[in-house]
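Engineer: fold the following.
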Amino acid sequence: MEKQKDAIYNIPFALLCLSSFLFSASFNMLIPDLPAYLTSIGGAEYKGLIIALFTLTAGISRPFSGKLTDTIGRVPVMAIGSLVCFVCGFLYPILSSVAGFLLLRLLHGFSTGFKPTATAAYVADLVPSDRWGEALGIHGLFFSIGMAAGPAVGSFISDRYSIDVLFYCSSAFALLSIMILLNMKETLVNKQAFRPSLLKISRHDVIDVLVLPAAIVTLLSYMAYGAILTLIPDWSQHLGVVNKGMFFMVFTLSSLLVRFVAGKVSDRYGRIYVILAGLVILCLSLLIIALQSNLTGLFTGAVLYGIGTGILSPALNAWTIELGSSAHRGKAMATMYICMEAGIGLGALLSGWWYMDKLALIPSIFVACAAIAFMAIAYLLFWKQRKGDGVSL
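Structural biologist: All right, here's what the predicted structure looks like:
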């Protein structure tokens with residue numbers, strides 16, 4: 001049956017967006033307070049691992065989530081991701097040692113290893129191919145609202161009540177996400193029953209070589225995000241910002257302003273030029289944060305970073321789906337997300353290792369992040385030249 005022009009604006013898509021908002025808020029609301037929490041339990045030297053461990057298991061789980069998305073269905077895999085957030089939120093107050101905390105960061109990473117992979121495939125199933133950019137942009141609005149509201153609300157809860165209450169609230173948001181998913185209709189046509197053999201991964205299940213161009217750009221552009229997650233809470237506090245989640249709220253809200261439009265523009269004019277524009281703005285934002293060590297620089301950089309990521313995200317997702325095959329959308333999205341998690345994890349690990357609680361080093365770290373993002377621009381221009389000026393993506 002042919003998908004209608006208004007197929008994006010229906011109840012299944014609305015439920016998917018609401019579930020993603022709750023899921024995003026669930027794990028993002030913890031981020032601003034985790035560095036201080038880790039310090040309070042004696043693990044200050046492990047701040048770089050807060051994000052790195054999370055992204056490690058997210059990346060490791062991608063081949064499994066991609067294969068399961070293409071076999072047992074989109075909805076069960078999305079539910080697994082939200083379930084992990086629900087369980088981990090309750091365990092943080094119980095496993096309160098440094099070792100226990102780091103173990104939970106490993107386990108928590110499975111959440112983003114599963115849900116976003118299946119979600120992107122679900123969107124591609126629901127929406128006509130000539131509107132993928134628009135649909136992913138709209139979905140990104142809701143995910144980004146969760147990213148914006150989560151840190152700000154999380155910091156408010158921890159300041160007003162306690163870090164343990166924050167952990168329990170994170171679980172509650174994840175539970176609501178699961179409840180929504182249980183009422184959603186599966187879109188995978190040839191769905192299989194789960195069997196243990198599906199967890200056996202071959203080298204062909206790990207990487208979809210067709211989508212490597214999009215994956216490489218994703219890897220290089222998201223290293224800066226790992227550094228931001230690791231360093232911005234301390235940098236914000238140093239500059240006098242009371243709510244450590246404010247930077248995240250500002251950059252995420254600014255991304256909301258462009259996601260919808262950027263997705264539609266990439267549908268009409270092609271992905272490459274839109275991605276290039278996003279990368280240029282991303283580089284500029286990082287340089288402003290680095291070279292203006294004051295509140296004006298911090299929040300100007302936050303606004304531009306949000307615009308850059310708001311342009312990049314729907315275009316990169318849609319480009320990944322276009323480069324891959326319809327029979328392996330789970331694997332295609334898993335490949336892109338593996339590189340995203342690798343970029344975030346490397347950015348967090350390297351910036352934490354470089355930083356070592358020396359605030360004077362933070363500007364130079366963001367300059368390095370800008371240089372890495374510029375490498376994504378160079379690679380994309382090289383790829384386009386090899387493909388020829390006639391490339392329509």
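
Engineer: what's the nearest residue to residue 367 if we skip its chain neighbours?
Structural biologist: Spatial nearest neighbour of residue 367, excluding adjacent residues (Cβ to Cβ, 6 or more residues apart in numbering): residue 290 at 4.7 Å. Quick note: C-beta positions are derived from backbone N, CA and C, even for glycine.

Engineer: also residue 319?
Structural biologist: residue 271 (4.0 Å).

Engineer: next one: residue 265
Structural biologist: Closest to residue 265 by Cβ to Cβ, 6+ apart is residue 274, at 5.8 Å.

Engineer: residue 10 too?
Structural biologist: Per Cβ to Cβ, 6+ apart, closest to residue 10 is residue 126, 7.7 Å.

Engineer: pretty sure the one you found sits against residue 136.
Structural biologist: No. In terms of Cβ atoms under 8 Å, residue 126 does not count as a neighbour of residue 136; the distance is 11.0 Å.

Engineer: in the helix or strand containing the residue nearest to residue 265, which residues are buried?
Structural biologist: In the assignment (DSSP states H and E), residue 274 maps to helix 271-291. Residues 271-272, 274-279, 281-290 are the ones in helix 271-291 that count as buried (16 or more other Cβ atoms under 10 Å).

Engineer: what does stretch 45-55 give?
Structural biologist: 46, 47, 48, 49, 50, 51, 52, 53, 54, 55.

Engineer: sitting in helices, which of the residues you listed do you find?
Structural biologist: Counting by DSSP state H, the buried residues of stretch 45-55 place 47, 48, 49, 50, 51, 52, 53, 54, 55 in helices.

Engineer: could you measure from the first one over to residue 357?
Structural biologist: Pointing back at residue 47 there. 8 Å (Cβ to Cβ, to the nearest Å).

Engineer: got the phi/psi numbers for residue 270?
Structural biologist: Here is the backbone geometry of residue 270 (degrees, to the nearest 10): phi 110, psi 160.

Engineer: please apply the same query to residue 386.
Structural biologist: phi -70, psi -40.

Engineer: measure it to residue 357 for me?
Structural biologist: Using Cβ to Cβ, residue 386 is found at 44 Å from residue 357.

Engineer: what about those two, which has more around it?
Structural biologist: residue 357 (12 against 9; other Cβ atoms under 10 Å).

Engineer: where does that one sit: helix, strand or coil?
Structural biologist: Secondary structure state of residue 357, per DSSP: H, G, I helix; E, B strand; the rest coil, is coil.

Engineer: how close does the closest residue to it other than its chain neighbours sit to residue 366?
Structural biologist: The shortest distance from residue 357 to any residue other than its chain neighbours is 6.4 Å, reached at residue 44 (Cβ to Cβ, 6+ apart). From residue 44 over to residue 366 the distance is 21 Å, taken as Cβ to Cβ.

Engineer: now swap in residue 159 and tell me
Structural biologist: Taken as Cβ to Cβ, the span from residue 159 to residue 366 is 27 Å.

Engineer: and what of residue 249?
Structural biologist: From residue 249 to residue 366 the distance is 19 Å (Cβ to Cβ).
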